[in-house]
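1. Take a look and give me a structure for this.
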Amino acid sequence: MGLSDEQLSLIRQLSEKRQSYYYLAYSLLSNEADALDAIAQMTLQIVEKIHTLRAAEAFPAWSRKILVNVCREFWRKNLSRLEQKNTRECLP
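-> Sure thing, here's the model as predicted:
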C-alpha cells in the first residue's frame, strides 16, 4: 500500500523535529545509543501505522506517544537484562 502525499509530509516532520524527539528519548533512557535506537524504532512504527492516524493535526502527539511507548519497552528490556546480570553475579 502506497503512502499519500499527506502521510509522506507527516513522516518528513520526523526529520524536521528530530532534535525534540532525541531530547524526549534521551530524557527517558539516559543513554545516547538507546535514544537513537528508540527513535529509529519509532520511525519504523510510524511508517507501518501511519494509515491508522485519523487526523493530521494529531500527528505530533501521536508520534510522541509512540516514542514514549518504545522507550518504555527499551527500559523494560534493559531492566530485565540488568536483573539477570545481577542474579548471575550473586550466584556462587
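2. who's in contact with Leu53?
-> Gln7, Leu10, Phe59, Trp62 (Cβ atoms under 8 Å, 6 or more residues apart in numbering). (Glycine included, C-beta is placed from N, CA and C.)
3. ditto for Lys49
-> By Cβ under 8 Å, 6+ apart, the residues touching Lys49 are Ile66.
4. which SS state does it fall under?
-> Assigned by DSSP: H, G, I helix; E, B strand; the rest coil, the conformation of Lys49 is helix.
5. Would you state the predicted confidence (pLDDT) at it?
-> With respect to pLDDT, Lys49 scores 94.
6. do the same with Cys90
-> At Cys90, pLDDT is 58.
7. low pLDDT regions in the chain?
-> Along the chain, the parts satisfying pLDDT under 70 run over 1, 80-92.
8. in it, which spans are helices?
-> 5-16, 18-29, 32-49, 59-90 (DSSP state H).
9. on that earlier part again, which one among the contacts of Leu53 gets closest to Ser20?
-> Closest approach to Ser20 among the contacts of Leu53 (Cβ to Cβ): Phe59, at 13.2 Å.
10. And that closest one, how close does it get to Leu53?
-> 6 Å (Cβ to Cβ, to the nearest Å).
11. which of the residues in stretch 46-57 are buried?
-> Of the residues in stretch 46-57, those buried by neighbour count under the rule 16 or more other Cβ atoms under 10 Å are Ile46, Ile50, Leu53.
12. From one end of it to the other, what's the distance?
-> The first and last residues of stretch 46-57 sit 15 Å apart, counting by Cα to Cα, to the nearest Å.
13. now stretch 13-22
-> 14 Å.
14. neighbouring contacts of it?
-> Ala35, Leu36, Ile39, Met42, Thr43, Ile46, Phe59, Pro60, Ser63, Arg64, Leu67.
15. This completes my enquiry, with thanks.
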